[in-house]
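> A structural model of the following input is requested.
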Amino acid sequence: MGQNHTASKTVLIVDDYSDARELLKLFLSADGYNVAEASNGLEGVEAALLVHPDLIIMDISMPVLDGLDALRQIRRDDSLRDTPVLIITAHGKQGIDLYADNAELLNENTEYLPKPIDLGLLKDALNRLVPQD
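Numbering: from 1, shown residues only. Prediction:
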């Protein structure tokens with residue numbers, strides 16, 4: 001962990017559960033990433049427009065604006081359209097179905113992980129989604 005290629009990379013974590021955000025933040029910070037946070041989809045859209053992160057980790061089920069609607073708004077912005085997104089959810093098969101039913105939001109830079117997040121799988125996803133210098 002703590003590799004130099006991550007030093008200038010920013011990950012935006014969008015999740016309404018502060019404990020989940022904190023765990024992800026600790027993991028990412030220990031690996032050298034800069035971390036921005038948002039607690040709902042609307043805040044996530046605003047933060048993405050402000051920060052222009054290298055990766056967005058987006059929960060699906062959140063108050064105010066859910067993760068899929070937030071992703072729709074993010075994908076409409078030309079400067080964010082191709083930003084890698086890691087969709088996360090604790091809803092198991094229902095979450096996978098939601099993910100699959102929203103193919104218009106997906107591109108080669110979009111992946112899905114179920115909660116609770118396996119940190120090994122998260123590390124693998126980071127290596128695939130965040131371009132290394």
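> remind me which residues of this protein are low pLDDT?
1-7, 92-107, 133 (pLDDT under 70).
> nearest the middle, which residue of it would you pick?
The residue lying closest to the centre of the chain (C-alpha atoms, centre = their mean) is Ile57, at 1.1 Å.
> bridging residues for that one?
For Ile57, the beta-bridge partners under DSSP bridges are Ile13, Leu86.
> now do the buried residues in whichever strand or helix holds Leu71.
Applying DSSP states H and E as the criterion places Leu71 in helix 67-76. Buried residues in helix 67-76, counted by 16 or more other C-beta atoms under 10 Å: Gly67, Leu68, Asp69, Ala70, Leu71, Arg72, Gln73, Ile74, Arg75. Glycine gets a C-beta too; all of them are placed from N, C-alpha and C.
> from Asp59, how far out is the closest residue to the third one other than its chain neighbours?
Going back to what we said before, that points to Asp69. In space, Asp69 comes closest to Gly41 once its chain neighbours are excluded; the distance is 6.0 Å by C-beta to C-beta, 6 or more residues apart in numbering. Per C-beta to C-beta, to the nearest Å, Gly41 is found 9 Å from Asp59.
> my guess is the residue nearest to the centre of the chain contacts Asp15, does it?
Yes. Between Ile57 and Asp15 there is a contact under C-beta atoms under 8 Å: 7.4 Å.
> fine, thanks again, bye for now.
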